[in-house]
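Asks: please find the sequence and the predicted model below.
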Amino acid sequence: MPSLPNVLCLAATDVVKHRVSSALVEGFSQWWQMPLLVAVLVAVMAWVAWMYRRDAAELPRRIGLLLLGLRLGALATLAAAYLDLERIAEHEVVFPSRVAVVVDASASMTLPEGLDAGVAVADAVPSTRSTRAVEVLERGGMLAALAPTHEVSLWRFDADAESLTVLPRGPEEVSGVGMPRPDRSAPEDGATADGAAEPDWPERLQPRGFETRIGEALVRVIDQEPPGTLAGVILLTDGGNNAGVDPAAAAATLAKAGIPVFAIGTGSDRLPTNVRVADLLSPTRVYPGDRFAVQGYLQAQGLAGQTVRVELADRSPAEGDGGAAAPGGRVIDTTEVLLAADGELAGVRFEVPGLDAPSRHELVLRVVPPPADRTPGDDSQVAEVEVVDRVTQVLLMASGPTREYQFMRNVLERDKSFAVDVLLGTATRGASQDARRILESFPTTAEELSTYDCIVAFDVDWRRLDPAAQARLERWVSRESGGLVLVAGTVFMDAWIADPQTTVVRGLHPVELRRAGQSLVDEPAGFEEPMPLQFTRDGTEAEFLWLAGSRIASQTVWSEFKGIFSCFDATVAKPGATVYARVNPPGSAGVGSAVGGRGPISMAGQFYGSGSVFYLGSGETWRLRSLEDALFERLSTQLVRHVSQGRLLAGSRRARLLVERDRYPVGATVVVRLVAADGDGAAGLGGAVCRVEGPDGATVRVPLTADSGRPGVFQGGFVASREGGWRIDIDLSDGSGEVISRRVQARLPDRELERPRLDRGLLERLGAITGGRAHFLVDAPWGSAESIDLAARIPDRSRREYETGAPDGAFKRRLNALLLALGTGLLCVEWILRRLVKLA
């Protein structure tokens, strides 16, 4: 992950001192060398004095002393030249003391601070644990209290730890720190979502992680902070460690270095009595009259063993006000659920007999809370279901009947929600295939091509498509929201990449395809061991790649998959593309090489105009059948539905609203894309207004900016900072009043849901091990007095070092000239004087 380098910052005062020293004396390495030099100089001077006393015995005493002085002066200049005097500059460098402030940015920090519901809250929106942590740093005066003595290194951590910035020492450097910041909890209509005027680091502390690894964060701080000057670690977290290194072991390492940990706990270990709808799962699209299941999960605190009534209602957007908690709608079914232990999830499943009218429906899962429930705002969640009366039209293209092609064709042909046509390069006239139609050539007109929702291409020789056909394909993806799956192969890949006529097809790929030296890592028979897939964070969160009902269960299934034997050697993703998985070729450094961005890309995707393109580096996903046939069937159908969602959910003839997926983890950035259905109408969308309504009812305006690289595409984004449903509405602002809407769901990761309480014991133990202490915001508020007291407990570990510069060359030249002139001058004066007094 990217982070600012942790460098040793020099102090503001760099004191420079100059000294004159002897290079000869500085080079002495034995104790007797200096006394010997002094003895030799004294002996020479004594011998010269004795000689002059004899030589000038008949002269006046003043003349004799003058001659002796002149001779000793000449000898002194020779001695000075022999000593090799130098002028050297010494820099006193101060390395200031540093304090690492480590802030929890996992999804559990989006939960309410944990105040009792009976306590009045001044803000319209309850404060979260994350906002409270930021307030401690700023309004609580912590940064201002540390600034006079220490540098402050700010860190964020969740599943990984990242250094954000280093705030310099000195009060003049932190002007504005500790001052109240504008309230961003309930932005007014028209306020932007980017917050460009705010400092960068508070925005980067927004919670978005799916794990809390306190131990690994402390280890990373030890490894990357400068040794010797780290005076202490301030940890702001709810203490819900759920993965990684044992925090106590990391604290022991800090204790050995004499670095105390001061833990500040946010949240509460006594959560208010509550039952909430934690999650709601439903299909995005169904067919009229088809039976489908809706799965919900309830989480309770202080209500274990009680029974509550749960309702599932159908509410169209016109019947309610769009809020997740609004009553109303046709009740489909009710049931009673026994609540599980505190923090654990209790499942509830409804079988919906079918929805008749082809339209967009809002399904509301509501729990009727018991009287003890203190937070009624989380008693419901909403999911959107689109009832469509058309099947997904799929075209399978392949140069030959590969296994991937055959297995996917069979899967889609058996599913009644897909209609499959095939274009097989090796098929002869009259050949039989399990498909609706067998095409002899690529669709020759735009009208024929527009009948398809998705095209899956298996190692296609794109040289067979003339430039006009490639242009039709590109326009079908970018303007008609077509979904394209590109599967790399071993037969034609190298050949068509080298052909300059295939530039359009290369541009559709989300990865960089270079012409020279590009090849598959190896043929399938070349390796005895498969290459396992290493999923990125985006890959683990992409639900269309899930092979089970949850992220953790899906990761478990993928970990059992042995991998693939070949992958096209494309390692660089294009700007805007998303890499979902890489592989580790034989001989690579290991798992980190793939995750770190050096291994070949196995799965990647991108939005291209209003369409979606997905890339598979190898046609070997059929090997999932070695685990279970249903896994390959699930992956194939989910992938086709994912890339074709733009056509199936097209809500306007003028433009389409696209998001990457329907469900996001809390803290993730939701990228909103508005794509003109026709490039000629792009200018009319420049005034489109995008508003996002959060689970708490607050509305944020998201600015849409034109994509300079793709005409007709406008893009914006917002952070899903709270759990629940987020409704995206785009007013086309063309006078028609047409509004395009889409709903996405933000949920807490499973591990963050399991332990939402403040772990008081862990934070107290960290303080005790390292010699620090723990403070809990639920027990006592935090203000400037607490910040000053904490800063006083952290020792100043500034250190001074002296750096010696190079000798002053100009000084050396001037000194040598002076010594030469002085020595020769003294000798000349002595010679003249001796001649005057008639000495030899």
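Replies: Yep, it's here.
Asks: CA atoms for contacts and neighbours, from now on please.
Replies: OK.
Asks: ok, residue 508 to residue 483 distance?
Replies: 11 Å (CA to CA, to the nearest Å).
Asks: these two: which is more packed in?
Replies: residue 483 (30 against 21; other CA atoms under 10 Å).
Asks: what sits against that one?
Replies: By CA atoms under 8 Å, 6 or more residues apart in numbering, the residues touching residue 483 are 453-455, 477, 611-613, 640, 643-646.
Asks: mind checking which of these land in strands?
Replies: Members of these lying in strands (criterion: DSSP state E): 454-455, 611-613.
Asks: send me stretch 562-572 as PDB with only the CA atoms.
Replies: Below are the C-alpha coordinates for stretch 562-572, written out as PDB (Å, rounded to 0.1, in the frame of the first residue of the first chain):
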ATOM      1  CA  LYS A 562      -5.300 -25.400  -6.500                       C
ATOM      2  CA  GLY A 563      -5.000 -22.900  -9.300                       C
ATOM      3  CA  ILE A 564      -4.200 -22.600 -13.000                       C
ATOM      4  CA  PHE A 565      -1.300 -23.800 -15.100                       C
ATOM      5  CA  SER A 566      -1.000 -20.800 -17.500                       C
ATOM      6  CA  CYS A 567      -1.700 -17.100 -17.500                       C
ATOM      7  CA  PHE A 568      -1.000 -14.500 -20.100                       C
ATOM      8  CA  ASP A 569       1.900 -12.400 -18.900                       C
ATOM      9  CA  ALA A 570       0.200  -9.000 -18.500                       C
ATOM     10  CA  THR A 571       1.300  -7.400 -15.300                       C
ATOM     11  CA  VAL A 572       0.200  -3.800 -15.700                       C
END
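Asks: so how far is that stretch off the chain centroid?
Replies: 24 Å (CA atoms, centre = their mean, to the nearest Å).
Asks: I'd like to know how far residue 160 sits from residue 537.
Replies: The spacing between residue 160 and residue 537, counted by CA to CA, is 11 Å.
Asks: more neighbours, these two?
Replies: Per other CA under 10 Å, whichever of residue 160 and residue 537 has more neighbours is residue 160, with 18 against 14.
Asks: isn't the more buried one up against residue 210?
Replies: No. Using CA atoms under 8 Å, residue 160 makes no contact with residue 210, being 10.0 Å away.
Asks: for residue 262, give me its contacts.
Replies: 232-235, 767, 772-775.
Asks: repeat that with 7 Å
Replies: Applying CA atoms under 7 Å, 6 or more residues apart in numbering to residue 262 gives the contacts 233-235, 767, 772-774.
Asks: gap between the helix or strand that contains it and the chain center?
Replies: Using DSSP states H and E, residue 262 sits in strand 261-265. Mean-position distance between strand 261-265 and its chain equals 24 Å (CA atoms, centre = their mean).
Asks: looking at the contacts of residue 262, which are in strands?
Replies: Under the assignment DSSP E, the contacts of residue 262 contribute 233-235, 773-774 to strands.
Asks: top of these by neighbour count?
Replies: Neighbour counts for the ones in strands among the contacts of residue 262, by other CA under 10 Å, peak at residue 235, which reaches 27 neighbours.
Asks: that residue against residue 102, yeah?
Replies: Yes. Assessed by CA atoms under 7 Å, residue 235 is found in contact with residue 102 at 4.9 Å.
Asks: how far off centre is the longest helix seen in the chain?
Replies: For the chain, the longest helix by residue count, based on DSSP state H, is helix 809-836. Mean-position distance between helix 809-836 and its chain equals 71 Å (CA atoms, centre = their mean).
Asks: count the neighbours of residue 29 for me.
Replies: Using other CA under 10 Å, the number of residues around residue 29 comes to 9.
Asks: for residue 466, same thing?
Replies: 12.
Asks: and residue 445, by the same measure?
Replies: As a burial measure, residue 445 scores 11 neighbours (other CA under 10 Å).
Asks: how about it, nearest residue that isn't a chain neighbour?
Replies: Leaving aside its chain neighbours, residue 445 sits nearest to residue 472 (7.8 Å; criterion: CA to CA, 6 or more residues apart in numbering).
Asks: did I read that right, the one you found in a helix?
Replies: Yes. Applying DSSP: H, G, I helix; E, B strand; the rest coil, one finds residue 472 inside a helix.
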